[in-house]
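**Student:** predicted model and sequence follow; I will ask about them next.
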Amino acid sequence: MGPISSVMGQIMLIGVTADSTPASDLRTLADFTIRRRLMSIKGVSQVIPIGGERLQYQVLLSTQRLKQYNLSIDAVDAALRQSNLNSTGGFFDRHGSEVLIRNLGVQMTWTI
């Protein structure tokens with residue numbers, strides 16, 4: 001599947017709904033389970049989940065605690081950025097086809 005604005009256009013649109021599951025849980029399922037499974041199918045070049053609610057972490061800083069631990073806001077910012085990195089996991093051979101392995105960090109947004 002490609003973005004609607006691509007030359008190929010949209011090949012397939014799939015909707016995920018539930019009566020009792022929150023939209024954020026559905027989006028997490030689409031991002032980390034459904035997308036990965038669809039991407040593992042031969043011939044699928046891209047899967048782009050849209051909609052729903054994306055989870056995010058919020059970091060609330062206390063000036064008293066920063067002083068207590070002798071930390072700066074920049075140090076906290078650097079630690080948060082380092083804890084959220086994507087990295088390569090290499091690849092493995094699956095029936096003569098190389099399958100890439102990626103380690104995806106959780107997307108984090110914060111206001112300091």
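**Tutor:** Thanks, I have it.
**Student:** domain map for this protein?
**Tutor:** 1-55, 56-112 (automatic domain parsing).
**Student:** so which of these is the most surrounded?
**Tutor:** Comparing the domains of the chain by mean neighbour count (mean count of other C-beta atoms under 10 Å), domain 1-55 comes out on top with a mean of 12. C-betas here are computed from N, CA, C, even on glycine.
**Student:** any stretches of the protein with poor pLDDT?
**Tutor:** Applying pLDDT under 70 to the chain flags the ranges 1-10, 84-88, 102-112.
**Student:** phi and psi next, for S97.
**Tutor:** phi -120, psi 130 (degrees, to the nearest 10).
**Student:** top helix in the protein by residue count?
**Tutor:** helix 73-82 (DSSP state H).
**Student:** following it, which helix or strand shows up next?
**Tutor:** Next along the chain after helix 73-82, taking DSSP states H and E as the criterion, comes strand 87-94.
**Student:** quick revisit: convert the longest helix of the chain to PDB, retaining C-alpha atoms only.
**Tutor:** The C-alpha coordinates for helix 73-82 follow below in PDB (Å, rounded to 0.1, in the frame of the first residue of the first chain):
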ATOM      1  CA  ILE A  73      17.000  20.300  32.000                       C
ATOM      2  CA  ASP A  74      19.400  19.600  29.100                       C
ATOM      3  CA  ALA A  75      20.600  16.400  30.800                       C
ATOM      4  CA  VAL A  76      17.100  15.200  31.200                       C
ATOM      5  CA  ASP A  77      16.400  16.100  27.500                       C
ATOM      6  CA  ALA A  78      19.500  14.200  26.400                       C
ATOM      7  CA  ALA A  79      18.600  11.100  28.400                       C
ATOM      8  CA  LEU A  80      15.000  11.100  26.900                       C
ATOM      9  CA  ARG A  81      16.400  11.400  23.400                       C
ATOM     10  CA  GLN A  82      18.900   8.500  24.000                       C
END
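**Student:** check which helices and strands it sits against.
**Tutor:** If you count contacts as 3 or more C-beta pairs under 8 Å, 6 or more residues apart in numbering; DSSP states H and E, helix 73-82 packs onto no helix or strand.
**Student:** just how off-centre is that helix within its chain?
**Tutor:** 20 Å (C-alpha atoms, centre = their mean, to the nearest Å).
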